[in-house]
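1. based on what follows, work out the 3D shape:
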Amino acid sequence: MRPVTARVYPGVRRDNVAGGMPVFPPGPSEPPIVQTMRWLLRPISFLESCRRRFGDVFSVQFMGFETPMVMLSDPEAIRALFTAKGHGLPPGRTVALQPVVGARSLLLLEGREHLERRKLMLPPFHGERMRAYEATVADVVARDIDTWPEGEPFALHPHMQAVTLEVILRAVFGVTDEDRRAQLAERLAGLLSSSTSVWLQFRVLFARNLGGPDPLEHLQVLLRDIDALLAAEIAERRADPREDILSLLVSARFEDGEPMDDTEIRDQLMTLLLAGHETTATALAWTFDLLLRHPEVLERLLAAVDEGDDAYTRAVVSESLRLRPVVPLAGRRLSSELRADGHVLAPGTDVTPAIWLAHTRPDRYPEPYAFRPERFLESGPATYSWVPFGGGVRRCIGAAFAEMEMRVALGEILRRRTLRAVSGAPERVARRNVTFSPRHGTRVVATRRAGYSVRLNSKMAIASMRAPSAATTAASTSPGTRQPNQVTPGSSA
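-> Residues are numbered from 1 along each chain as shown. Got it, this is the predicted structure:
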């Protein structure tokens, strides 16, 4: 281990430093601006380079942060990080998210306040309540498919964004007024697209480091319009609750019997939008990019969809999220000492799993860059070597909902259309806010798939998701089956 710099960093206790200076794992020696640009522009190459040079634990220094961030990829170290109580959030999360999601967002609260709200918001995203939304997802996907050009290239990612936004508006927000839903869709789409560019992220970090005008100021007009529309929806639900998730939030009560006020409900709605829109849409776009470059996997998935076998679809979703994690980091600020790979990290240190690196460890995933859904057929993903939704008490509350949405969308699309990739090269990574997205939006050509019954297959798909076949799972191909194509780190850099 070596000091990253010769000054004492705020937030790191002196009794946990060597010679009066904090000690961090080794990391790149480039200036913070160079490391920041590498992270924003070529994140996978940057991570792979750090792993080759420094191993499972290393430090990086980004613009706008007073201390280095330590990145981990060993599952046992990730387990120690996520299971320890009391760790806080790194400061960068508040800077990036609070202008959009608000101060009371579940993403930004800590301690008891966070746990109370997590407990209140979790039930709608599991069990029968969640499965009640499967038909809504299927309907939204089917309607969007009807707008696709036939036989002409188009980007799939924007269509998946439209689908996931509409699902949120109908299932989460519960907007039934067509005019209000159209207004919300237009403004929310504008907000999300305005806040995703790499240049904007760089400006936010630059302003934080050197001062100057707020780069997010231009979003305030959009946010005021959105807040007014959401306020009308909240007022309607207080007067007349329905079956949507907004109604459940309005009627929910804390242990002392008190409800959430309107401002907090607004913040949680925006949280669910931000957490569930871009991430799920991007995961679907990546999944199709992988499927169209692995014809054996696609052929087997088509057969599973036609037979109403949900097990292989689940495996495809798990493998896609492993090989193309949408959110790359899930950081904590240590409240107590953490030991990782021989390093002792002091309280006050910012630490995060490097999710891509954790997902591509050959000791956990043989042929780690190969797209092989079969590896998840005999057993589900291991808790701390598969972390696309984070972990511990801050694991994404909508994880099960997102996976359900992906399975339904995959089934609807594959039953209705035959797709082929426009380009022979796999998509490269582009940064959109905090997500890793396909640079060109997963460009495809779609044609109608002959000889299917929309009504019959849709009913079979929904039924299979509620009662997956154990017999089919047991008869599946062994996890040792090798697929001929692999996804190399360079192809997604």
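2. could I get the full set of helices for the stretch 151-300 of the chain?
-> 156-167, 178-194, 198-210, 220-239, 245-251, 262-276, 278-291, 295-307 (DSSP state H, counting those that start in this stretch).
3. ok, which of these comes nearest Glu403?
-> Relative to Glu403, the nearest member of those by C-beta to C-beta is helix 278-291, separated by 8.9 Å. Where you see a C-beta, it was placed from the backbone N, CA and C, and this is true even at glycine.
4. what's the angle from the closest one to helix 156-167?
-> With axes from the mean of the first three to the mean of the last three C-alpha atoms, to 10 degrees applied, the angle from helix 278-291 to helix 156-167 works out at 140 degrees.
5. helix 278-291 packs against which elements?
-> For helix 278-291, the elements it packs on are helix 156-167, helix 295-307, helix 310-323, helix 399-416, strand 435-438, judged by 3 or more C-beta pairs under 8 Å, 6 or more residues apart in numbering; DSSP states H and E.
6. redo that, cut-off 6 Å
-> The helices and strands touching helix 278-291, judged by 3 or more C-beta pairs under 6 Å, 6 or more residues apart in numbering; DSSP states H and E, are helix 156-167, helix 310-323, helix 399-416, strand 435-438.
7. okay, now the unreliable bits of the stretch 351-493 of the chain?
-> Within the stretch 351-493 of the chain, the segments meeting pLDDT under 70 span 452-493.
8. that one: strands as residue ranges?
-> Counting by DSSP state E, counting those that start in this stretch, one finds strands in the stretch 351-493 of the chain at the ranges 417-421, 429-432, 435-438, 443-448.
9. now tabulate these in a markdown table and tack on mean neighbour count and distance to Ala235.
-> As requested, those are exported to a markdown table (neighbours: other C-beta atoms under 10 Å; distance: least, C-beta to C-beta, whole Å):
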| stretch | mean neighbour count | distance to Ala235 |
| --- | --- | --- |
| strand 417-421 | 16 | 41 |
| strand 429-432 | 20 | 33 |
| strand 435-438 | 22 | 33 |
| strand 443-448 | 17 | 41 |
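10. show me the one of those strands that comes nearest Arg300.
-> Between Arg300 and these, the shortest separation by C-beta to C-beta is 15.5 Å, and it involves strand 417-421.
11. residues contacting that closest one, please?
-> Counting by C-beta atoms under 6 Å, 6 or more residues apart in numbering, the neighbours of strand 417-421 from elsewhere in the structure are Leu292, Val444, Val445, Ala446, Thr447, Arg449.
12. now do 10 Å
-> By C-beta atoms under 10 Å, 6 or more residues apart in numbering, the residues outside strand 417-421 that reach it are 145, 148, 150, 153, 156, 288-289, 291-293, 295, 298, 302, 413, 427, 442-450.
13. and the residues you listed, which are buried?
-> Buried subset of those (neighbour count, 16 or more other C-beta atoms under 10 Å): 145, 148, 156, 288-289, 291-293, 298, 302, 413, 427, 442-446.
14. okay, the helices of the stretch 151-300 of the chain in TSV with mean pLDDT next?
-> As requested, those are exported to TSV (pLDDT from 0 to 100):
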stretch	mean pLDDT
helix 156-167	96
helix 178-194	89
helix 198-210	63
helix 220-239	93
helix 245-251	93
helix 262-276	92
helix 278-291	96
helix 295-307	97
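15. ok, which of the ones you listed comes nearest His359?
-> Smallest distance to His359 across the helices of the stretch 151-300 of the chain (C-beta to C-beta): 12.6 Å, for helix 278-291.
16. so which bits of that closest one are buried?
-> Of the residues in helix 278-291, those buried under the neighbour-count criterion (16+ other C-beta under 10 Å) are 278-291.
17. ok, so of those, who is nearest Pro124?
-> Distance ranking of those against Pro124, using C-beta to C-beta, places Thr280 first at 16.0 Å.
18. would you check that that closest one makes contact with Ala400?
-> No. Thr280 lies out of contact with Ala400 (C-beta atoms under 10 Å); the separation is 11.9 Å.
19. re the thing from before, out of the helices and strands packed on helix 278-291, flag the one nearest Gln61.
-> Nearest to Gln61 among the helices and strands packed on helix 278-291 is strand 435-438 (20.9 Å), distances taken as C-beta to C-beta.
20. which residues touch that closest one?
-> When contacts are defined by C-beta under 10 Å, 6+ apart, strand 435-438 is touched by residues 43-44, 155-157, 161, 196, 278-279, 281-283, 285-286, 288-289, 324-328, 355-356, 426-432, 492.
21. repeat that for 8 Å
-> The set of residues that contact strand 435-438 without belonging to it, under C-beta atoms under 8 Å, 6 or more residues apart in numbering, is 43-44, 157, 196, 278-279, 282, 285-286, 289, 324-328, 356, 427-431.
22. including distance to Met406, could the helices of the stretch 151-300 of the chain go into a markdown table?
-> Putting the helices of the stretch 151-300 of the chain into a markdown table (distance: least, C-beta to C-beta, whole Å) gives the following:
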| stretch | distance to Met406 |
| --- | --- |
| helix 156-167 | 10 |
| helix 178-194 | 19 |
| helix 198-210 | 26 |
| helix 220-239 | 26 |
| helix 245-251 | 18 |
| helix 262-276 | 11 |
| helix 278-291 | 6 |
| helix 295-307 | 12 |
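23. ok, which of the ones you listed comes nearest Leu345?
-> Among the helices of the stretch 151-300 of the chain, the nearest to Leu345 by C-beta to C-beta is helix 198-210 (23.4 Å).
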